[in-house]
Structure formats: C-alpha cells, structure tokens
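Peer 1: Structure, please.
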Amino acid sequence: MRYSFVFVGLSCLAAVGFGIGATQKSVSSTVKIPKSVTYAENIAPILNAHCTSCHHDGAVAPFSLVGYEASKKQSANIASATDGKRMPPWKAVHGYGTFLDENRLTESELTILKTWAETGAARGDVKKEPKPQVFSNDWDLGKPDVILTQTKPFKLEAEGADIYRNFVFDLKNTEPVYVTAMDVKPGNRKVVHHIIGFLDAGNGATRLAKNNTDGQEGYTSSGGGIGTVPSGSLGGWAPGVTVRKTLPGTAFVVKPGTKIVMQVHYHKDGKPEMDQTKLGLYTTKVKPEKEVDILWCANPMFQIPVGAASHRVAWKQTIPADATIYTVMPHMHLLGKSMKAKLVKSDGTEVPLVFVDKWDFNWQLVYALKEPLQVKKGWKIAVEAIYDNSDANPYKTNRAVTWGEQTTDEMALLVIGYTSDTPIDMKTQIKQMVLDFAKGGN
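Peer 2: As a prediction, this is how the structure comes out:
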C-alpha cells in the first residue's frame, strides 16, 4: 500500500519551520501618503518594521536594508518586490483565518515605497531618522539550554540528487525534557535547505546510524522520512523563519530513552562542500499542562498530468481526538499554485484555516492562529490544492508528477501544530488516513 510511506516521507518540508513558536514580524499601522517622501520620516519606519529582520548583514536575505545608503541602493528593488507582493513574504490571504503577527504592507505603505523610488530616494532630515538598528546573528532567543551538533563536518559531493542526512543524538535524560523552542544554526547556508527535528523512541534511527557504512556520521535516508516511523517531531527550521517559544503551559516532550534525529536536507551547489549544523533546544523545568505535537494532513494519492494548468488535489482527513490547533503550514513544491484548508464540523459548519492563493516555494511559512482553535474528535480537515504543470509554469515537467521527496516531485500536505489530552501518534495518524481514503478521501 502507498499509504505507509506518507508520514515517514515528510522530509522535504523546504523553506519553513513548523514548530508552534514559528512566526513573522508584526504589521505597522496604516499611514497617510505625505507630499514629500523621505527615508528619514517615511521609509525607515516601514523597512525597520517589515524588512530589516531578514535584510541585515549576515542574515538570510541577500542584501542589507539597514541605514539610508543601503536602502537607497536597493530602492528600485524594494519598490518592485513590494508592488508585486513578493515582499514581505506573507502569503496567507487576508480574512481567511486570523493569524498572529501578520506581516503585510498597507496600500499606503506600498505607495510610499514606490513613490520614494520614483522620486529619487531622498534622505530627508537625518535628525529625524530612527536610531540605527543593531542585530545579533547569534541565537535569536539567547543561548539554547542544549546544543546538538555532529562531531565533525559532513562532507557533501559537488553534484547529484538532494541528500537527506540524519544525525542521531541521545540526551541521556532519565526524566522527560520539556522543549519550548527549537532553533538551528546552519554550518553552511549554501547547501543547507532545511532541518527537521524528529523524535525516535524505538531506537530505529540509532540502529540505522550504527549500520551505516559510508564512513560519515549519521545515515542517509531515501524514499522520505528517517527510514523508520518516528514517534514525534520537534518541528522544523528553514531560512527566514523567526522562532519563538511555545505558549505558556505547552511544550514538546522528549521522554527518557527517546533520541533526537536532526534531519538535514542538503541541496548540492556544484562543488564539494562541508557542513556542521547546530540544533538548539530551549527547555523548561515546569511540566506542561499540554504536550505539543505535529499532525500531518496529507494526500499521497495523486498524479499531476503533463500540461495540466490547474490540476486539483482535494481530500478530507478526520481528526482522531479532541485537540487544540495552534499553527497551520501548507506545503507543496514547484508545481504548487494554491492551497486552501478549512475545518468541517460534525454539523457541516465550516471554519477557515488558511488560504495561500499565490503559492511560492521559496516562502513556506508557519501561520500561528490568533486564537487557538478547539476541535472535536470526528471533525474533518478539508484541503484543496491546485497544481500547474503547464507551459505557464517555468518549473513544468515532461512527466506526470506524483508524491516524492525530491524538489522535482510534489507533495500535498498541511502541517498542524496541536495539543491533545489523547496524543495522536504516527501510527494513529496513518491508520486514520487509511480509513479516510478507504471511504473516498474527499
């Protein structure tokens, strides 16, 4: 059966982090359009609120927007990217679901940025400029309580398919460890695509690592996942994701004997590279009232034909237990066009979850619900994904595309951060998905 690999094959969640703490920056208030637009009074406040957290020296963005000179140099790029709604990278449609920290520019702010670029990018009164922002490229939340890393750098070949390398760590804890956040420091940003922190209570990953014969630490998995059914996840990381701690009273739980598997997705860049990535855990001594976990809402049973401009993949997945939903994260690859997800109650009432109408593979964000959503056992999550494998998509293929871990394959997946009094482990999720698809899946 093809179902079995789905939850083992979720490893290509690129350009995202999906822990409950992942979020984006807040939206500044609506402003009026002034007669004369200057950096000091109009542009700096907008850039500081929406852009510079990523656009500063040493950060993930390709150039800095800190200070007048750096911003003036990029004024045309700023106007083009914001006017085209490519930046800031907030993709959820406004009004379909409500989220914390929505990073969206107002129409007046968009006009101000465009006007500034078109009128010469004036500086204005230097005395009125905000104080220069100071950024640290160290850990965003301060030094983690636990830092895990390979004992020596991993060597990556120059060319070939993407690699999913799994590094296994033992906390050697005799009591549960309560994790409130996970952050990552990639050793080599040129080849580190994303990272997922898996939990392995069955020691399957440990056995695979011991049996590895390629002479390097850890082991490579293929066909998705970590080569064994994980017992849970701590979430994920990718460039551009801002990390914050889980809500009070909630945390991920690493039970005694459970190993942490840091899976690194490497994308080769045409020359030999080395990487030694660090995974940081923030912990608390206080036992959480609710244990955070990840629910995978997936449909692996699709085939996107060659030439299809709007191929629809839809499914419904039953929620196996009463739960509280905190975050949602749509996931597709290069053929993705849009994804809409909603909750369907037992009486047929629908509740919007998230709608990304202009999918961008480079910006797969975690959306934190403004108010945690209480859901009941038996309710369904309904998802509709649209794919474009036509000439209109520069990433079109000359083959029918199905589920797979390579970037040139596809996925139809909604990742949900939740808590529940009845944990929904991987086996339960797989069993429920099989039942749903046996009933038609939509």
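
Peer 1: And the helices in the stretch 101-250 of the chain, which stretches?
Peer 2: 107-118, 204-210 (DSSP state H, counting those that start in this stretch).

Peer 1: and the first one, what does it pack onto?
Peer 2: What that stands for is helix 107-118. Other helices and strands packing on helix 107-118, by 3 or more CB pairs under 8 Å, 6 or more residues apart in numbering; DSSP states H and E, are helix 44-50, helix 75-83. For glycine as for every other residue, the C-beta is placed from the backbone atoms N, C-alpha and C.

Peer 1: Now render the helices of the stretch 101-250 of the chain as CSV, adding distance to residue 367 and mean pLDDT.
Peer 2: CSV is the format used below for the helices of the stretch 101-250 of the chain (distance: least, CB to CB, whole Å; pLDDT from 0 to 100):
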stretch, distance to residue 367, mean pLDDT
helix 107-118, 21, 94
helix 204-210, 30, 95
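
Peer 1: got those helices as CSV, with distance to residue 141 and mean neighbour count columns?
Peer 2: Below are the helices of the stretch 101-250 of the chain laid out as CSV (distance: least, CB to CB, whole Å; neighbours: other CB atoms under 10 Å):
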stretch, distance to residue 141, mean neighbour count
helix 107-118, 29, 18
helix 204-210, 27, 17
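
Peer 1: that older thread, can you say which of the helices and strands packed on helix 107-118 is packed in most?
Peer 2: Ranked by mean neighbour count, those are led by helix 44-50 with a mean of 21 (mean count of other CB atoms under 10 Å).

Peer 1: Residue 365 is nearest to which of the helices of the stretch 101-250 of the chain?
Peer 2: Of all the helices of the stretch 101-250 of the chain, helix 107-118 sits nearest to residue 365, with 19.7 Å by CB to CB.

Peer 1: ok, residue 422 to residue 193 distance?
Peer 2: Remark: distance between residue 422 and residue 193 (CB to CB, to the nearest Å) = 34 Å.

Peer 1: Those two - which one has more neighbours?
Peer 2: residue 193 (20 against 11; other CB atoms under 10 Å).

Peer 1: The closest residue to the more buried one other than its chain neighbours - how many residues pack around it?
Peer 2: Excluding its sequence neighbours, the residue lying closest to residue 193 (CB to CB, 6 or more residues apart in numbering) is residue 265, at 4.1 Å. Applying other CB under 10 Å, we find 22 other residues in the vicinity of residue 265.

Peer 1: helix or strand for residue 265, which one?
Peer 2: Here residue 265, judged by DSSP states H and E, is contained in strand 259-266.

Peer 1: Could you list the paired strands of the helix or strand following that strand along with their orientation?
Peer 2: The element immediately downstream of strand 259-266 (helix or strand, assigned by DSSP H and E) is strand 273-275. Sheet pairing for strand 273-275, assigned by DSSP bridges, gives strand 154-156 (antiparallel).

Peer 1: Can you point out the buried residues in the partner strand?
Peer 2: Residues of strand 154-156 classed as buried by neighbour count (16 or more other CB atoms under 10 Å): 154, 156.

Peer 1: So what touches that strand?
Peer 2: Contacts to strand 154-156, defined as CB atoms under 8 Å, 6 or more residues apart in numbering, come from residues 163, 165, 167, 191, 216-218, 264, 266, 268, 272-276.

Peer 1: at 10 Å instead, please
Peer 2: Strand 154-156 is contacted by residues 163, 165, 167, 187-188, 190-192, 214-218, 264, 266-269, 271-277 when judged by CB atoms under 10 Å, 6 or more residues apart in numbering.

Peer 1: Likewise for stretch 76-87?
Peer 2: Identification of contacts with stretch 76-87 by CB under 10 Å, 6+ apart yields 43, 46-47, 50-51, 54-55, 61-63, 65, 71-72, 74, 88-89, 91, 103-105, 109-118, 121, 358, 360, 362-363.

Peer 1: what mean pLDDT does it have?
Peer 2: For stretch 76-87, mean pLDDT is 92.

Peer 1: and it, how far out from the chain's middle?
Peer 2: In this view, stretch 76-87 has its centroid 22 Å away from the chain centroid, taken as CA atoms, centre = their mean, to the nearest Å.

Peer 1: OK, contacts around residue 153?
Peer 2: Contacts of residue 153 (CB under 10 Å, 6+ apart): 187, 188, 216, 217, 273, 274, 275, 276, 277.

Peer 1: related to what we said a few turns ago, tell me which of the helices of the stretch 101-250 of the chain sits nearest to residue 385.
Peer 2: helix 107-118 (28.6 Å).

Peer 1: The closest one vs helix 75-83, what angle?
Peer 2: 160 degrees (axes from the mean of the first three to the mean of the last three CA atoms, to 10 degrees).

Peer 1: mind checking how far the residue nearest to residue 193 is from residue 90?
Peer 2: Residue 265 is 24 Å from residue 90, where distance means CB to CB.

Peer 1: For PyMOL, write a command that selects the buried ones of the contacts of strand 154-156.
Peer 2: Applying 16+ other CB under 10 Å to the contacts of strand 154-156 leaves a buried subset, and the PyMOL line that selects it is:
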select buried, resi 163+165+167+187+188+191+192+216+217+218+264+266+268+273+275+276+277
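
Peer 1: Quick one: low-confidence residue ranges for this structure.
Peer 2: Scanning the chain for pLDDT under 70 picks out 1-32, 223-224, 240-242, 441-442.

Peer 1: Would you map out the domains in it?
Peer 2: 3-22+140-438, 39-128 (automatic domain parsing).
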